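**Q** starting from these lines, generate the structure:
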Amino acid sequence: MEIMEFLANSGEQLDTDIAAATGLSLATVRSRVTDLHAKGAIMVCRSIRYKDGKEIEGVLCRVSGYIPPAAPGRKSKAQMPPKSNNSHD
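**A** Now for the predicted structure:
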């Protein structure tokens, strides 16, 4: 499974998760992610997480320009009831 395909199907993922899912080494994933980022195909940011008190540093990746669909049940502002203008002087 290629990195772009994995990210398109899975959304935002850490480089370690990409390596585990694709079977590539972490060094290979980081090298390919750097190339994909340079081409503008993916967005990356440095991520620091803590697991059992241990700092884990990685690279968070997602496909460029991808906007996840809205969560079900979300209400738009247009559906909000109008405010009441009743003023009692």
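
**Q** quick test: name the residue nearest the centre of this protein.
**A** By Cα atoms, centre = their mean, the chain has its centre lying nearest to residue 12, at 3.0 Å.

**Q** quick one: the nearest residue to that one once chain neighbours are set aside and residue 54, what's the gap?
**A** Spatial nearest neighbour of residue 12, chain neighbours left out: residue 62 (4.1 Å); criterion: Cβ to Cβ, 6 or more residues apart in numbering. Just so you know, the C-beta spots here come from the backbone N, C-alpha and C atoms, and that holds for glycine as well. Noted for residue 62: a distance of 25 Å to residue 54, by Cβ to Cβ, to the nearest Å.

**Q** which one's more surrounded, the two?
**A** Between residue 62 and residue 54, residue 62 has the larger neighbour count (other Cβ atoms under 10 Å), namely 17 against 7.

**Q** tell me who's in contact with the nearest residue to residue 14 once chain neighbours are set aside.
**A** Of all residues not flanking residue 14 in the chain, residue 58 sits nearest, at 4.5 Å (Cβ to Cβ, 6+ apart). Residue 58 is in contact with 14, 15, 16, 46, 47, 48, 49, counting by Cβ atoms under 8 Å, 6 or more residues apart in numbering.
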